[in-house]
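Asks: Here you go, sequence then predicted model.
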Amino acid sequence: MAVAVINETIDVPNVYQQDISRIIIGDNTRTALGKLRIDQITYKREWTISARHLTYNEYFDVINHLNNINYTATDFWLDEFGGTPGNNSTQAKIELIDDERVQFSRNGTWHSDGRNITLEVLEI
């Protein structure tokens, strides 16, 4: 099973790095006397996911979907969510932040048009 899935059906194969950060939704400030006041509503997660040695077809599936939805909200699932992509996905905005063409061999087949990609995923 894949580590990451977009739109419930598009695997992001060969994920080798996943960085997670949390964004606080709210505001904080200090009073004149220095006391911290916090108005926090929730937090959202942000992932940076790197995948390497994607065949052109694997790469095209990901990029084609993002282009078709104009990089707006889509379903996103990670294996750590548990369950399946169909029932445990979250809505996220996904951007391609790095796209590198590489050559590699997989299962005895040479791929001269392979890709390494990095995606930035922001939970909505």
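Replies: Done, it's in.

Asks: how would you label Tyr71: helix, strand or coil?
Replies: Classification of Tyr71 by DSSP: H, G, I helix; E, B strand; the rest coil places it in coil.

Asks: hmm, I was thinking of Asn67
Replies: helix.

Asks: Counting neighbours, what do you get for it?
Replies: Residues near Asn67, counting by other CB atoms under 10 Å, number 11. C-betas here are computed from N, CA, C, even on glycine.

Asks: same check, this time on the one 5 residues further on
Replies: Thr72 has 11 neighbouring residues, counting by other CB under 10 Å.

Asks: Show me which residues of stretch 96-112 are buried.
Replies: For stretch 96-112, burial by neighbour count (16 or more other CB atoms under 10 Å) applies to 104, 111.

Asks: what comes into contact with it?
Replies: When contacts are defined by CB atoms under 8 Å, 6 or more residues apart in numbering, stretch 96-112 is touched by residues 48, 50, 52-53, 55-56, 63, 66, 113-120.
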